[in-house]
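Enquirer: sequence first, then the predicted structure:
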Amino acid sequence: MATIILNSKKRKIGFNKKVAYVTRAVRYNTIGTEELVNHASADSGVSKAMIKATFEAMMQEIQQLVLNGHSVQLGDLGTLQFSISCKSVEDKEDLSTDLIKRRRMLFRASSKLRDEMNDVKFETVVIDGEDDQG
């Protein structure tokens, strides 16, 4: 079972600067490609070079597919897709690509991953000391 560590710390919040405990999930470092390749190689017995070449090819393909309008299912992780937000217009003649306000990449977790997220264990650590200004 996975465990997420939570930090709870007094902070000034809101416009009235009320002091209250705010809880946030602890984020560790970002795992880079090399470290991910090392883990996958150790877990699978497949060479680092083979995993890295495969990973790089997959990332290139996923990027091209998503940027060309495809939704890409990433196994039991979920689905990655391109999305836009547009201004609405009343008349067909006013339609144009200039109405696009925002472009985003959406990730939708699979039902399996969502179920596993519900089983994550949490541990809270309270940080006492000076109040944080932010």
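Expert: Okay, I see it.

Enquirer: in this structure, what helix or strand scores lowest on average pLDDT?
Expert: Ranked by mean pLDDT, DSSP states H and E, the helix or strand of the chain with the weakest confidence is strand 121-132, at a mean of 79.

Enquirer: using the three-state scheme, assign residue 89.
Expert: Of the three states, residue 89 takes coil under DSSP: H, G, I helix; E, B strand; the rest coil.

Enquirer: ignoring the adjacent residues along the chain, who's closest to it?
Expert: In this structure, residue 89 finds its nearest non-sequential neighbour in residue 95, 6.1 Å apart by Cβ to Cβ, 6 or more residues apart in numbering. C-beta coordinates here come from the backbone N, C-alpha and C atoms, glycine included.

Enquirer: return the backbone torsion pair for the one you found.
Expert: Reported as degrees, to the nearest 10, the phi and psi values for residue 95 are phi -70, psi 130.

Enquirer: who are the packing partners of the strand or helix carrying residue 39?
Expert: For residue 39, the host element (DSSP states H and E) is helix 33-44. Other helices and strands packing on helix 33-44, by 3 or more Cβ pairs under 8 Å, 6 or more residues apart in numbering; DSSP states H and E, are helix 48-67.
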